[in-house]
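>>> Quick one: sequence and predicted model below, then my questions.
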Amino acid sequence: MGPLQIRWYGLMYVLGFMATFFLVRFQIKKFGCRKLADHFENLNFILIISLVLGGRLGYVFFYNFSYYLQHPLEIMATWQGGMSFHGALLGVIAGGWLFCRKKGLNFLESADIYVVTIPIGLGLGRIGNFMNGELFGRPGNVPWAMMFPGGGLVPRHPSQLYECLLEGFLLFVILWLLKDCKRSRNWPNGSMLAFFLIFYGVFRSFAELFREPDAHIGYIYGYFTRGQLLSGMMILTGLLLFLLIRKKTAGLTA
C-alpha cells in the first residue's frame, strides 16, 4: 500500500515479455533464422499489441459479452481487469500471421520458435493472479487449501498455483524438449504450435476441475466450465493441425 503499489499481473506480463524476447533471440541465433532476425523487433511489437487486444476482446466476447454490450465504453478499460488467455492466443496468431504474410516469413516456422516460450509468461501470469487473490479455486479440504479475500470464509484450492505448475513449468519443459526432437527428427513446421495447443488444452481442462467458475457464468451443461470448452477446442485444433501438416509433408516427400 502507500504511494507505491505493485500491480502484480502487469509486472508478470512484463517479465513474460522479457523472457520471450531473450529465448526467441537465443533460438534465432542458434538455428540461424536470418530472415526472422531481420524482422524480430517489429514482430515482437505486433505480437504484444495483438496479445493485449486479443486478450481483452476475448474476455469481452467469451466471458462477459452481455455486460459490455450495455457498457461499450468500458470495453478497452483494461485497468479494471479482465483478460482472456484464449482471446490473447487468437490475437497473437492473427497478428503474427498477418505480419509474416506481409514480410514473406514462414508463419509456422516462426510460430514454432515463439510458442515454446509462451509457458513462461503463462506461469508468471498465474503467479500474478495468486498474488492478487483472483481466479481462486473451488472449496477444498486439502492441507494447503487457503482463504482468499474474495472467496469468503471457506478454504479453497490455490488453483492459480496448479495452473502455474502445469501450464507454466511443466508445459515449458515438455515443449523445450520436443523442440530439439523437431530438429533431430525433421518434424514439419507447425509441430510445436500443434503440441502447444494440445498440451495446454489438456492441462487447462484438468486445472479447471479445481478452479472456481466465473460467478456470472457458472457451469455450462451442468458441469463443464467455459474454460474447459475453449480448451477442448484448442485440443481439437492442435490435433487437426498436426494431422494436416504431417499429411502435407508426406505428400511432398511421396
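Arrived safely. Residues are numbered from 1 along each chain as shown.
>>> any idea which helix or strand of the chain has the worst average confidence?
helix 65-70 (a mean of 84; mean pLDDT, DSSP states H and E).
>>> how about the CA coordinates for that one, as PDB?
Coordinates of each C-alpha in helix 65-70 appear next as PDB, following Å, rounded to 0.1, in the frame of the first residue of the first chain:
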ATOM      1  CA  PHE A  65     -20.500 -10.000 -23.600                       C
ATOM      2  CA  SER A  66     -23.900  -9.100 -22.200                       C
ATOM      3  CA  TYR A  67     -22.300  -6.600 -19.700                       C
ATOM      4  CA  TYR A  68     -20.100  -4.900 -22.300                       C
ATOM      5  CA  LEU A  69     -23.000  -4.800 -24.700                       C
ATOM      6  CA  GLN A  70     -24.600  -2.500 -22.300                       C
END
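>>> After it, heading C-terminal, what element do we hit next?
Per DSSP states H and E, helix 65-70 leads on to helix 85-103 as the next helix or strand towards the C-terminus.
>>> buried sites along that following helix?
Neighbour-count burial for helix 85-103, counted by 16 or more other Cβ atoms under 10 Å, picks out 85-93, 95-97, 99-100. (Glycine included, C-beta is placed from N, CA and C.)
>>> Find the residue closest to residue 82 in space, skipping its chain neighbours.
Excluding the flanking residues, the one nearest residue 82 by Cβ to Cβ, 6 or more residues apart in numbering is residue 59, at 4.4 Å.
>>> how about the helix or strand containing the one you found: buried residues?
Taking DSSP H and E as the definition, residue 59 sits inside helix 40-63. Residues of helix 40-63 classed as buried by neighbour count (16+ other Cβ under 10 Å): 40, 43-44, 46-48, 50-60, 62-63.
>>> Check stretch 133-151 too.
134, 135, 136, 137, 138, 140, 146, 148, 151.
>>> which among these gets closest to residue 231?
The closest of those to residue 231 turns out to be residue 135 (Cβ to Cβ; 14.8 Å).
>>> Spit out the contact partners of the closest one.
By Cβ atoms under 8 Å, 6 or more residues apart in numbering, the contact list for residue 135 reads 129, 159, 160, 211, 212.
>>> And what about the residue nearest to residue 219 when sequence neighbours are not counted, helix, strand or coil?
Excluding the flanking residues, the one nearest residue 219 by Cβ to Cβ, 6+ apart is residue 213, at 5.8 Å. Of the three states, residue 213 takes coil under DSSP: H, G, I helix; E, B strand; the rest coil.
>>> wouldn't residue 213 be in contact with residue 223 here?
No - counting by Cβ atoms under 8 Å, residue 213 stays clear of residue 223, with 10.1 Å between them.
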